[in-house]
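>>> just coords:
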């Protein structure tokens, strides 16, 4: 499906990262960050839409896909540093960041640490990692690795798939990718994700920001958090994708791609 997409490897602490580059090298760079437990193919249905007008990097985040095995712990900060290293290797100063779910945590951490390297951000079905959680929300996040450790893995994967997608093809993709990860690796990733939140009272995203979630996304507090986020960062745009769950870019790619393209085209004006 993707023409002229080249695969690259880079040695990083804990793993060998795999990433892919395609598109127009004379155009702005888009960095695609997938969600937890899946891989770079999560954005297959966006690639042809972006291929002519942008240079595109997509990767398998550390501990995922071909960027396995991961030695040691998983952390969002390490993944954000991986992104920086890739940009330095290819010699690009700024990128447009697009992330889904856990990938939104990584691009947010990257933007927090290296704001000068970010041109714009698209958050797909994610929450703000710098927000202040309620006591119940904070406790739920901290306890989630223990709960998942006690949950029979096959039942856990089935529950996560049903909570993440409404379309058959999306569910099949998630099932295939989830089945590639043994439970120990899943718990390593999830534990790292549960520790990535850090409240920053005065922090605001300074770049153009598109916030997107699927209308049937019932995971966590995403619906509530996205509305609050859109009020906090006034330069943001907030869109609900119809006929889509948590993986809204896969459940309804036609609608999602139109919204994405419209946002990106405005950046160039």
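Sure thing, it's come through. Computed from a predicted model, the values in this text were never measured in an experiment.
>>> moving C-terminal of the longest strand anywhere in the chain, what's the next helix or strand?
Here the longest strand in the chain is taken by residue count, with DSSP state E as the criterion, and it is strand 15-23. Downstream of strand 15-23, the first helix or strand assigned by DSSP states H and E is strand 29-33.
>>> Any idea how far that next one is from the middle of the chain?
Relative to the mean C-alpha coordinate of its chain, strand 29-33 is positioned 10 Å out (CA atoms, centre = their mean, to the nearest Å).
>>> Could you pull up the mean pLDDT of it?
Confidence over strand 29-33, taken as the mean pLDDT, stands at 98.
>>> ok, residues contacting that strand?
By CB atoms under 8 Å, 6 or more residues apart in numbering, the residues outside strand 29-33 that reach it are 23, 40, 43, 46, 50, 54-59, 61, 83, 86-87, 92, 94-100, 103-104, 106-107, 264. Any C-beta I mention is one placed from the backbone N, CA and C, and that applies to glycine too.
>>> which of these count as buried?
23, 40, 43, 46, 50, 54-59, 61, 83, 86-87, 92, 95-100, 103-104, 106-107, 264 (16 or more other CB atoms under 10 Å).
>>> What's the end-to-end length of stretch 117-134?
Counting by CA to CA, to the nearest Å, you get 31 Å between the two ends of stretch 117-134.
>>> May I see the buried residues of it?
Buried residues in stretch 117-134 (16+ other CB under 10 Å): 117-118, 120-131, 133.
>>> Pick the one among the residues you listed closest to residue 153.
The nearest member of these to residue 153, counting by CB to CB, is residue 125 at 23.2 Å.
>>> Do I have it right that residue 51 meets residue 23?
Yes - in this structure residue 51 lies within contact range of residue 23 using CB atoms under 8 Å: 5.1 Å.
>>> Keep only those of the buried ones among the contacts of strand 29-33 that are in helices.
Among the buried ones among the contacts of strand 29-33, the subset assigned to helices under DSSP state H consists of 46, 50, 83, 86, 87, 103, 104, 106, 107, 264.
>>> so what's the fifth one up against?
In other words, residue 87. Going by CB under 8 Å, 6+ apart, residue 87 touches 29, 31, 93, 95, 117.
>>> In those, find the pair that's most separated.
31 and 93 (12.5 Å).
>>> of the two, who's got more company?
With neighbours defined as other CB atoms under 10 Å, residue 31 and residue 93 compare such that residue 31 has more, 25 against 10.
>>> how far away is that one from residue 84?
As for residue 31, its distance to residue 84 is 10 Å (criterion: CB to CB, to the nearest Å).
>>> just the strands in this protein please.
Taking DSSP E as the criterion, the chain carries its strands at 6-12, 15-23, 29-33, 55-60, 95-100, 118-124, 209-214, 236-241.
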